[in-house]
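# structural data only, the sequence is not supplied:
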């Protein structure tokens with residue numbers, strides 16, 4: 001059935017009629033007439049946006065006059081088909097009035113229409129926003145249901161605790177000009193609520209600064225339908241359980257990403273070099289009330305590398321060398337439990353200076369200068385190797401100062417999460433549906449998993465094109481991005497007596513290595 005609209009010219013004579021007084025109308029009819037007058041005078045009936053009919057009609061002089069009001073685009077049906085229908089209707093209407101209009105211009109007009117005319121700072125002051133705009137900007141959760149009560153409890157809980165609680169999971173449904181449309185699930189209560197939004201203003205600056213079309217295209221490629229991640233409640237307007245709440249969501253800093261239905265590009269972008277050399281050092285370490293090793297005195301004991309050919313998309317070589325430290329006492333029981341390296345494995349091995357010479361000769365003979373090093377984080381090159389080389393007066397070649405960080409590349413691939421998000425290697429693999437293979441904290445196994453992750457990102461069209469450069473005056477202990485987990489046992493740390501004999505962090509409920517639970521009577525510091 002075709003939808004009819006009312007104009008001011010047709011309504012005005014009827015409203016001026018003395019035979020139709022508002023006093024004889026019922027309260028419902030007066031309310032509907034008030035809405036009709038508002039939409040007519042503000043010319044919203046003339047906007048080219050989807051419309052719906054009210055379930056009831058106004059009866060004036062025994063004639064039925066349907067009221068048509070605009071409705072925001074919902075994605076509970078085929079979003080693409082709805083947009084195409086809007087375009088076709090707009091083109092047909094304009095063709096009758098004047099000249100035909102090209103489809104591209106109409107599409108640009110529909111997609112680029114802003115949701116509201118406000119910036120980020122004004123979104124925090126809800127008192128200055130009209131209620132009609134508030135419904136468009138925030139997610140309305142009606143009262144008197146389990147989900148409404150549960151979301152209020154979670155919001156109150158997260159005001160006391162950090163958002164690391166990870167109680168809310170977002171399932172991507174679709175994207176539109178307003179933001180990401182999700183189905184929100186409360187993991188602890190097994191409750192779901194559909195058709196909520198994370199608005200573009202609540203994503204990081206990188207995503208917010210994209211144009212509307214860039215947001216839609218890039219987001220659909222990187223976070224496609226069905227992908228899941230953790231979200232947190234950024235704000236709630238109205239926390240009374242008896243009234244509706246307006247919910248504002250944002251991606252969590254600990255999102256546990258799981259990507260679904262990723263598509264491979266037809267043309268894979270080229271890397272700035274042909275070969276990527278994946279390295280992941282292992283060094284001496286300790287955690288005890290009186291540690292034998294600190295961050296400044298640690299020494300590399302395993303030097304592995306795995307070579308990726310970015311043209312054939314294959315691993316072409318892998319090697320690893322053990323390094324004998326100057327202080328063998330630094331190979332503590334904690335080091336052996338963590339890395340699997342014992343003092344007997346390091347006896348008779350070369351020192352760091354000799355190993356670096358072998359590594360340099362291998363790269364120069366095999367690849368020339370057409371390569372870059374790839375690490376997992378800044379610790380390997382910017383902290384450990386740089387400090388140890390300076391302490392032992394060892395010269396480092398140019399390729400140790402320009403490298404790729406797989407954490408940074410992963411965040412460039414998925415810029416929808418904040419800078420506070422620091423994913424581990426296992427979490428990045430699980431985001432692409434892969435499992436960690438081998439022993440964790442084994443240098444060669446970690447390097448192989450870095451190579452697997454890099455190959456997957458290359459196949460998905462991520463270009464490794466911007467190297468990280470280490471400044472000559474760089475000091476890692478003044479860098480906020482470097483997190484020194486420390487070697488001195490914190491207060492309330494506890495000792496696993498049998499079989500490990502290892503000190504554990506205060507918040508650990510089980511031993512880091514043997515997984516035995518903390519029991520009453522364990523010695524604590």
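Perfect, thanks for sending it. Just so you know, these numbers come straight off a predicted model, no measurement behind them.

# burial of residue 241, as a residue count?
12 (other C-beta atoms under 10 Å). Quick note: C-beta positions are derived from backbone N, CA and C, even for glycine.

# next, the contact list for it, please.
By C-beta atoms under 8 Å, 6 or more residues apart in numbering, the contact set of residue 241 is 143, 148-149, 152.

# what comes up buried for stretch 324-340?
324-325, 330-332, 334-335, 337-340 (16 or more other C-beta atoms under 10 Å).

# end to end on that stretch, go ahead and measure it.
15 Å (C-alpha to C-alpha, to the nearest Å).

# related to what we said a few turns ago, tell me which of the contacts of residue 241 fall in helices.
Among the contacts of residue 241, the members found in helices (DSSP state H) are 148-149, 152.

# which of those residues count as buried?
So, by 16+ other C-beta under 10 Å, the buried ones in the ones in helices among the contacts of residue 241 are 148, 152.

# let me know the closest of the buried residues of stretch 324-340 to residue 368.
residue 324 (29.9 Å; C-beta to C-beta).

# give me the spatial nearest neighbour of the closest one, chain neighbours excluded.
Spatial nearest neighbour of residue 324, excluding adjacent residues (C-beta to C-beta, 6 or more residues apart in numbering): residue 349 at 4.3 Å.

# from what I can see residue 317 touches residue 306, true?
Yes. Between residue 317 and residue 306 there is a contact at 7.5 Å, judged by C-beta atoms under 8 Å.

# from the buried residues of stretch 324-340, pick the one nearest residue 229.
Nearest to residue 229 among those, with distances taken as C-beta to C-beta, is residue 338, at 29.7 Å.

# work out for me the element that closest one sits within.
helix 333-339 (DSSP states H and E).

# ok, now residue 411?
helix 406-413.

# equivalent analysis for residue 183, please.
Residue 183 belongs to strand 179-186, assigned by DSSP H and E.

# contact partners for residue 462?
Here residue 462 is in contact with 269, 409, 412-413 (C-beta under 8 Å, 6+ apart).

# how about residue 296, what does it touch?
residue 387.

# is it part of a helix or strand, or is it coil?
coil (DSSP: H, G, I helix; E, B strand; the rest coil).

# pLDDT score for it?
Looking at residue 296, its pLDDT stands at 89.

# next, the buried residues of stretch 436-451.
Result for stretch 436-451 [16+ other C-beta under 10 Å]: buried residues 436, 441-451.

# hmm, I was thinking of stretch 227-235
Quick answer for stretch 227-235 (16+ other C-beta under 10 Å): 227-234.

# still on that earlier bit, now for the following helix or strand past the helix holding residue 411, which elements pack on it?
Counting by DSSP H and E, the next helix or strand C-terminal to helix 406-413 is helix 425-431. Under the contact criterion of 3 or more C-beta pairs under 8 Å, 6 or more residues apart in numbering; DSSP states H and E, helix 425-431 touches helix 406-413, helix 443-459.

# between the ones you listed, which gets nearest to residue 173?
helix 406-413 (21.5 Å).

# which strands and helices sit next to the closest one?
helix 425-431, helix 443-459.

# elements contacting the longest one?
Contact here means 3+ C-beta pairs under 8 Å, 6+ apart; on that basis helix 443-459 packs against strand 275-278, strand 300-309, strand 314-322, strand 371-375, helix 406-413, helix 425-431.

# of the ones you listed, which is nearest residue 356?
strand 300-309 (8.1 Å).

# what residues of the closest one count as buried?
300-308.

# lowest confidence element among the helices and strands of this protein?
helix 103-111 (a mean of 32; mean pLDDT, DSSP states H and E).

# the helix or strand where residue 198 lies: what's the following helix or strand?
Per DSSP H and E, residue 198 falls inside strand 191-199. As assigned by DSSP H and E, the chain's next helix or strand after strand 191-199 is helix 205-208.
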